[in-house]
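A.B. asks: Got a predicted structure plus its sequence, pasted below:
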Amino acid sequence: MTYCLNVHPGETWEENFEAIRTVALKIRKQVAPKRPFGLGLRLGRRAAEKLSHPQVLHRFKAFLVANDLYVFTINGFPYGEFHRPPVKKRVYWPDWRSPKRLAYTLLLGEILSGLLPEGIYGSISTVPGSYGEWIVTPDDRTQMIQNLMGCVAHLAQIHKKTGKEIHVGLEPEPDCFLETTKGTIDFFTRELLVKGRHFLAGLMGTSEQEAGELIIRHLGVCFDTCHMSLQYENLAESIALISANGIRLSKIQISAALKVPFVKKSLKRLEDFCDPVYLHQVKGSITGGDIRSWEDLPDALSGVDGLNQGFDQWRIHFHVPLYFKGDQEVGSTGSDLNERFFRAAIASGCGHFEIETYTFNVLPEQLRGKSLTESIADEYGWVLERTQNTEFGRQNHKVDAFFDPEPLTGIDTCGTEV
């Protein structure tokens, strides 16, 4: 388990390294003193190019060894600037139609292969194909599939050459090409493992069966709990469905979204969460089960007076600290991260868990109330408290029993026992 270093402002490798040296080491001292501590790097293209230089990479590896740190995952979602306004939709560009996205991700793969300790596989999270409204033609989809297959081919070569297994996780997000669990499963089973497998077999000169195996090994899903809660999904059921359909859970990002009841006081308080940096998609649930969407929080608030009162609540793509309990007016989807979710997450076989609350620096002042170091340490404690007496929990600390030993069972929509 780690926390994502995208919470630290910085676009150059020098800024990234300074955050590790000054902040990550403090957090490690609080949550894992005198023990190996995993890092979840966030490398934009600019920082990745600098770190890929052999001398720079060698110095960083020496620093990791000296401080008992190791790297096992990289956030490869933002290609360019991520902390300087405005980011908004630019965070999805270049998307997987672009050779720039492919080249950047391959660079991250090379860096990660050079940093991974022996016996540990690596993961890279990436954009969910594209922003939804940008994909309008069959050719758009074909370009995405071909570039993703190019990525799989290169990661397979890294694995063959070095023995380091690396997989890329497409990260479903509101209003994007991949948004829901169902849409993600459909893309994998009906497109990547059909058209993509055929293209990859031709690209690598292998059988379609072997090509399909390589896709499953090197391409999966980065499951961000904030994003899936915004879709009003049952997180445990979604994880079980992805696994039941043979799709790899590359990484699970543990995060919580802002949630408010549809009342005037709550909507008024949402004004404090409008910022010029990030895109804060809004999903409103309507009595009867329908969901209405807004591209950004200011858009939703600007038309609120003209809405009827049929909404139960709004969920907003604004990551709030996991320990944030909220009040009657403003809460979070942290309650979705319940015992059943953690049991499903661990049972899925996913080996990478990442705390991701990158919005800390744009939180309203009253929600911060503590330093970044304290906040992240408290989030570690929040997660570890909920993973007691499991294989994952035992690797981190010894505690009394919490989960009952009964396996998670259920039936997915394909009729498969999970």
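C.D. replies: Noted; the coordinates are in hand.
A.B. asks: if I read this right, H317 contacts H227, doesn't it?
C.D. replies: Yes - counting by Cβ atoms under 8 Å, H317 touches H227, with 7.2 Å between them. Every C-beta, even on glycine, is put in place using the N, C-alpha and C of the backbone.
A.B. asks: quick one: common contacting residues for these two?
C.D. replies: Common neighbours of H317 and H227 (criterion: Cβ atoms under 8 Å, 6 or more residues apart in numbering): E173, P174, A257.
A.B. asks: just checking, which of those belong to strands?
C.D. replies: A257 (DSSP state E).
A.B. asks: pLDDT below threshold where in the chain?
C.D. replies: Applying pLDDT under 70 to the chain picks out residues 306-309, 389-418.
A.B. asks: Just the strands from it, written as ranges.
C.D. replies: 2-3, 37-42, 69-75, 122-126, 166-170, 219-224, 248-254, 256-261, 282-286, 291-294, 311-320, 331-332, 353-355.
A.B. asks: mind listing the helices for the stretch 251-400 of the chain?
C.D. replies: All helices of the stretch 251-400 of the chain, identified by DSSP state H, counting those that start in this stretch, fall at 264-269, 297-302, 339-347, 365-368, 372-385, 391-394.
A.B. asks: Look up phi and psi at H8.
C.D. replies: phi -90, psi 120 (degrees, to the nearest 10).
A.B. asks: That one and A19 touch, don't they?
C.D. replies: Yes - the pair H8 and A19 passes the contact test of Cβ under 8 Å, sitting 3.7 Å apart.
A.B. asks: ok, these two, which is more surrounded?
C.D. replies: Neighbour tally, H8 and A19, criterion other Cβ atoms under 10 Å: the higher count belongs to H8, 21 against 17.
A.B. asks: check contacts around the more buried one.
C.D. replies: Neighbours of H8 in contact, by Cβ under 8 Å, 6+ apart: E15, N16, A19, V23, R42, L372.
A.B. asks: I'd like to know which of the residues you listed are buried.
C.D. replies: Applying 16 or more other Cβ atoms under 10 Å to these, the neighbour count classes N16, A19, V23, R42, L372 as buried.
A.B. asks: returning to what we had before: so which of the strands of the chain is nearest I111?
C.D. replies: strand 69-75 (7.3 Å; Cβ to Cβ).
A.B. asks: Need the residues that contact that closest one.
C.D. replies: Residues contacting strand 69-75 (Cβ under 8 Å, 6+ apart): 2, 4-6, 20, 24, 28, 36-43, 63-64, 108, 111-112, 115-117, 120-125, 251, 352, 354, 356.
A.B. asks: Show me just the buried residues among these.
C.D. replies: Buried subset of the contacts of strand 69-75 (neighbour count, 16+ other Cβ under 10 Å): 2, 4-6, 20, 24, 28, 37-43, 64, 108, 111-112, 115-116, 121-125, 251, 352, 354, 356.
A.B. asks: wait, L41 sits on Y3?
C.D. replies: No - checked against Cβ under 8 Å, the pair L41 and Y3 is beyond contact range at 11.1 Å.
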